[in-house]
Structure formats: C-alpha cells, structure tokens
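Trainee: I would like to see how this sequence folds:
(one chain, ligands or ions: 2)
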Amino acid sequence: MNILGIETSCDETAVGVVTDGTILHSNIIASQVNIHAQYGGVVPELASRQHIRDISATISTGLASAGMQLQDIDVVAVTYGPGLAGALITGLNSAKALSFSLDVPLIGVNHLEGHLYASWLTDSTMTPDNAPGFPLACLIASGGHTDLILMENHGIYKLVGRTRDDAAGEAFDKAARVLGLGFPGGPEIQKAAERYVGTDTLKLPRAWMKDTLDFSFSGVKTALLHMAQDREIYPSGTSNLDDDHISLLVSEMAFAFQEAVVDVMVVKLIEMAKQYKAKGILIGGGVAANSWLRHQILDKSGIPVLIPAPILCTDNGAMIAACAYYQYLRGEQYGLELDVNPSLPLG
Ligand code: KG4
Ligand code: ZN
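Mentor: Numbering: from 1, shown residues only. Ligands and ions are numbered 1, 2, ... in the order given. Model prediction:
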C-alpha cells in the first residue's frame, strides 16, 4: 500500500511516500529556516503563507522522487495537529483535494504519533511488530514537546511524563540566542559543543524533580543566561575578550548546556523503561537528531534502542505516511469535514 504523507504543522512543508508503513521511497522537505532565522523563531503568519507557495511543488517532487504518479497512491495522509492552525490548514486542505480527486481514503495523523513511527523507516527489516516489541518507552523531544510516552501497542499511548515549562528544543533555541548562535538553536548548540575539547567543563544545574517523570528546563536556561552574563558573553558586544577566547567560552557553555539537558532526558527515559518493563526505548522529534543524546542513550540504555536517521527526526512527511498505514489497518476513517486541532493530545 503506497501512502503519500503531508506535513505542514510548523515551518517545514514536507511530503513523503512510504509503502506498507516501513519502506521509504521519498522524503522531500521545503524548509523555511531562512525566512524565520532573521526573527530568531517561527513567525506563524509567514509560515502559513510559505506553505501555500511550496505545497504543490513539494507534492510533485515527492511523487517524482519516489518514481510514482498520483495514480499510484492508495491513501493520502496528513498531519491535522498539534501545530500552528494556519500552517496545518494548508496541508489538510491539499490532502482533502487529493483524496477527493483520486477517490482514495484520507487519514488524519497526530504529528506526535508520526514522530514515533519515523523509527521504523531507517531499517526496513524492522517493523513495529517484529522489533523490539511492545511496550516501548518513548521520548518525543521537539520544539513544542518533551513527552515520555508509553507505547503499549499501535494506537495505545499513555503520557507518563512531560515538561512543565519549556520544551527541550525550545530550550536549545533560547540557549543558542543567549550564546549568539543561529536559529534553529539545536544544531548550532551541537556544532559549538562538538568544538569543545576540554575535560574540566563548566557545570550547569539539572532539575531532577524527585518522584516524577516530568521535566523542567527553565532553570538550566536561566543558569546559562547568568553564566553568559558573568563571562560577558551576553549581551553580545560587551566583552573585552578577543574573538578566539569568546568562541572557546561559547563552545564550553554550549557543551555544558547540551550535557545538562541530555542528562536529565536520558536518566528519566531509562527510569521510565525500568518502571514500565519496556522491551525497548524509542526516541523521536527534532531533538533526537542531537548526536550527544543519541550517543548517551545508546551507551546507557541496556535494552534495544530505536532512533530514526537524523533527517527523519525533524519534521517530515514520510513519518506521517508511515504512521497512517497502521491507522488504516485498524480501520480509522476520516471524512472531508476533518478540521485541524492545534492542541491535539497523544495519550
Ligand atoms: O520535531 P521538530 O522538527 O519540530 C517540532 O515538532 O517542534 O523539532 C524542532 C526542534 C527545534 O527546537 C530544534 O532546535 C531542535 O528540534 N533540534 C535539535 C537538533 N536538531 C533540531 N536540538 C538539538 N540537537 C539537534 N541536533
Ligand atoms: Zn515535530
């Protein structure tokens, strides 16, 4: 079954074609990063308008790079939440038009559930049903969410932990701004941290919050701000240090920040896996592209770990197509009256 997946929940217009939930044919992403970078964050109005410009060409390119035509598509899948309402509408309406004109089913996908299914697109010998089995202890860490979700089976989720303030990706983005790095902040913090070669690193506090699987990242963000102010890195342009010295300090602080955020996520995810006797660990969402997080979880988990290729961690249409396959199999049906739901929950 060939499924075309459309994703427009934030600042990526994305289309993917996937067969039977795991075989990836194409994954085309029209990124709006350059548009939003000058504002230091996503501007919803600009995102909505850019999706309208990009959606048709992205669908055509998604099909062409899969070597398919519209007639080869059996199901059209689309993110209908959570996300920015104005951004979601473009994807949803395009999907409705395709489904209506091709006379094929429409499947509405929860963006967060899509992030989970990206894990089985990297190695098509593994499917959710053969490896490593349920239940799975899942971390979704993105620009809007930091959730610990127990996946008990297809479509059966329990939210067991979440951030009480900033999402991990949001914290990375804000930290990058303090350190004078670009947008989005996650990849910039990672690059700066990889330049750090010292051992006696600066330390930032971790909010362990005993007896809960919830997170809090606002404290570490404020601690980084104070550290940057003490060292005259922030506000930028106030330091008497030369550029090389500033760059060294920035990379050390980026390392300390990345280490603090990843540390808490890894410890709580492993704790959750133990508590719920999970057969495996799964991570997804933009922050799962982080090399330090990937390294730490693989090193410390003690049970099988599923992580998508970095390009499938950040928002994409292939994960939406992958997820929709299992929704279709369990008989879910969506009509042309389907509306967007900006705060659609999972679990
Ligand atoms: O899943 P995603 O593409 O969009 C949302 O659903 O929010 O996640 C975007 C977030 C951004 O905050 C970005 O800074 C973060 O993921 N991110 C990273 C990395 N790549 C993207 N964070 C840390 N390290 C990375 N390599
Ligand atoms: Zn996302």
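Trainee: Skipping adjacent residues, who's closest to Glu232 in space?
Mentor: Nearest non-adjacent residue to Glu232, counting by Cβ to Cβ, 6 or more residues apart in numbering: Ser239, 3.9 Å away. The C-beta positions use only the backbone N, C-alpha and C, and glycine is treated the same way.
Trainee: per-residue confidence for that neighbour?
Mentor: Predicted confidence (pLDDT) for Ser239: 85.
Trainee: wait, what's in contact with it?
Mentor: Contacts for Ser239 were tallied using Cβ atoms under 8 Å, 6 or more residues apart in numbering; they are 231-233, 246.
Trainee: Any of those residues buried? List them.
Mentor: Neighbour counting by 16 or more other Cβ atoms under 10 Å classes 231, 233, 246 among these as buried.
Trainee: okay, now His245: neighbour count?
Mentor: For His245, the neighbour count with other Cβ atoms under 10 Å is 12.
Trainee: and it, that's in a helix?
Mentor: Yes - under DSSP: H, G, I helix; E, B strand; the rest coil, His245 falls within a helix.
Trainee: Not counting sequence-adjacent ones, nearest residue to the residue located most distally from the centre of the chain?
Mentor: Distance from the C-alpha centroid of the chain, by Cα atoms, centre = their mean, peaks at Asn240 (38.3 Å). Leaving aside its chain neighbours, Asn240 sits nearest to Glu232 (7.4 Å; criterion: Cβ to Cβ, 6+ apart).
Trainee: Is the one you found in a helix, a strand, or coil?
Mentor: Put simply, Glu232 is coil when judged by three-state DSSP.
Trainee: which residues does it contact?
Mentor: Glu232 sits in contact with 238-241, where contact means Cβ under 8 Å, 6+ apart.
Trainee: check the residues you listed against ligand 2, which are close?
Mentor: When Cβ under 5 Å from the ion is applied, no member of these is adjacent to ligand 2.
Trainee: now the helices for the stretch 101-250 of the chain?
Mentor: For the stretch 101-250 of the chain, the helices defined by DSSP state H, counting those that start in this stretch cover 111-117, 168-178, 185-194, 218-230, 243-275.
Trainee: Residue numbers of this protein in contact with ligand 1?
Mentor: By the rule Cβ under 6 Å from any ligand atom, the part of the chain lying against ligand 1 is 10, 142-144, 169-170, 172-173, 184-187, 190, 285-287, 289-290, 314-315.
Trainee: Number of residues surrounding the residue of the stretch 101-250 of the chain found nearest ligand 1?
Mentor: In the stretch 101-250 of the chain, the residue that lies nearest ligand 1 is Gly186 (2.0 Å; Cβ to the nearest ligand atom). The local packing of Gly186 (other Cβ under 10 Å) involves 27 other residues.
Trainee: residues contacting it?
Mentor: Gly186 makes contact with 169, 172-173, 176, 286-287, 289-290, according to Cβ under 8 Å, 6+ apart.
Trainee: quick revisit: okay, the buried ones among the contacts of Ser239 in CSV with distance to ligand 2 next?
Mentor: CSV is the format used below for those (distance: Cβ to the ion, whole Å):
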residue, distance to ligand 2
Arg231, 33
Ile233, 30
Ile246, 33
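Trainee: Asp129: which of these is nearest?
Mentor: Comparing these against Asp129 with Cβ to Cβ places Ile233 closest, at 49.8 Å.
Trainee: Dihedrals phi and psi, the closest one?
Mentor: phi -80, psi -30 (degrees, to the nearest 10).
Trainee: picking that back up, quick check: the farthest pair among the contacts of Gly186?
Mentor: Among the contacts of Gly186, Ala176 and Ala289 lie farthest apart (Cβ to Cβ), at 14.5 Å.
Trainee: For burial, what's the neighbour tally of the residue in the stretch 201-347 of the chain that ligand 1 sits nearest to?
Mentor: Across the stretch 201-347 of the chain, no residue is closer to ligand 1 than Gly286, which sits at 2.2 Å (Cβ to the nearest ligand atom). For Gly286, the count of nearby residues is 27 (other Cβ under 10 Å).
Trainee: Surely it and Asp315 touch.
Mentor: Yes - between Gly286 and Asp315 there is a contact under Cβ atoms under 8 Å: 7.1 Å.
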